[in-house]
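# A predicted structure for the sequence below; I have some questions about it.
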Amino acid sequence: MPPLCPKCGRPQSSVMLCPGCLGWQAEIDGIRSPFRFDGAIRQAIHELKYRNLRALAVLLAQLLDDYLAISPVPGEVLVPVPLHQKRLRERGYNQSRLLAQELGKLTNLPVVDDCLIRQRHAPPQARTPTVDERRSNVADAFSCRDRRLQDKQVLLIDDVSTSGATLDACARVLKEAGATSVWGLVLAREV
């Protein structure tokens, strides 16, 4: 496994912060993923997310669990990145919630999927071209209903991370609600 940027988890030639993270005042403690977002893993994520193949969540969560076994990340509770109600109605399910539920069964970590909420609808991040636009797209999009995650190490679960903007926006409100640390764990990372 190549050295990773300690913040965003992108493969690189050293273990120093990558150029993209040097000026980033991120709230997320780090982002980790077992795969690049291409090939078979990209296809599997698309099948889960857009083709209603929910059964894939079981296999994909097993891949996350295998990754955690060799590359542990601090976390005592799993929190899926939430969808806005409008997108949830359109799709019928939240793929990140399915992944978190299956991963919770494998790790025996509790899943808290009703504390972090997406309060503002925004265009999909996949259609937002630049890092700055992605960050502004999700600014103030999330909130916490309560302080249940106070003093907890949160492992934030999502399918894909491109710029890290969504995970960082979630981390910001989770920490405002008292979480001691927030790490992102995603299936695949765009590099």
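Perfect, thanks for sending it.
# Identify the residues contacting the residue nearest the centre of the chain.
What sits nearest the mean C-alpha location of the chain, by C-alpha atoms, centre = their mean, is Asp158, with 3.3 Å. Applying C-beta atoms under 8 Å, 6 or more residues apart in numbering to Asp158 gives the contacts Pro80, Val81, Ser96, Leu99, Thr166, Leu167, Gly184, Leu185, Val186, Leu187. In short, each C-beta sits where N, CA and C put it, glycine included.
# Helices of this protein, residue ranges please.
19-22, 39-50, 56-70, 85-91, 95-107, 131-138, 165-176 (DSSP state H).
# With distance to Asp29 added, can I get these in JSON lines?
Formatted as JSON lines, the helices of the chain follow (distance: least, C-beta to C-beta, whole Å):
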{"stretch": "helix 19-22", "distance to Asp29": "12"}
{"stretch": "helix 39-50", "distance to Asp29": "24"}
{"stretch": "helix 56-70", "distance to Asp29": "15"}
{"stretch": "helix 85-91", "distance to Asp29": "27"}
{"stretch": "helix 95-107", "distance to Asp29": "18"}
{"stretch": "helix 131-138", "distance to Asp29": "17"}
{"stretch": "helix 165-176", "distance to Asp29": "7"}
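# among those, which gets the worst mean confidence?
Lowest mean pLDDT of the helices of the chain: helix 131-138, a mean of 68.
# re the thing from before, nearest to Arg148, out of the helices of the chain?
Closest to Arg148 of those, according to C-beta to C-beta: helix 165-176, at 10.5 Å.
# Could you find the closest non-adjacent residue to Pro2?
Among residues not flanking Pro2 along the chain, Pro11 sits closest, at 4.2 Å (C-beta to C-beta, 6 or more residues apart in numbering).
# And for Ser143, the neighbour number?
Applying other C-beta atoms under 10 Å, we find 15 residues neighbouring Ser143.
# if we can go back for a sec, could you dump the helices of the chain to a markdown table with mean neighbour count?
Output for the helices of the chain, formatted as a markdown table (neighbours: other C-beta atoms under 10 Å):
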| stretch | mean neighbour count |
| --- | --- |
| helix 19-22 | 13 |
| helix 39-50 | 15 |
| helix 56-70 | 17 |
| helix 85-91 | 12 |
| helix 95-107 | 22 |
| helix 131-138 | 16 |
| helix 165-176 | 23 |
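# For Val154, list the residues it contacts.
Gly75, Val77, Val79, Ala171, Leu174, Ala179, Ser181, Val182, Trp183.
# actually Glu76, not the one I wrote
Leu109, Lys152, Gln153, Leu155.
# you'd agree the first one is up against Val77?
By that I understand Leu109. Yes. With contacts counted by C-beta atoms under 8 Å, Leu109 reaches Val77, the gap being 6.2 Å.
# Those two: which is more packed in?
Val77 (19 against 16).
# Could you give the bridge partners of Ser143?
Applying DSSP bridges to Ser143 yields these beta-bridge partners: Ile117.
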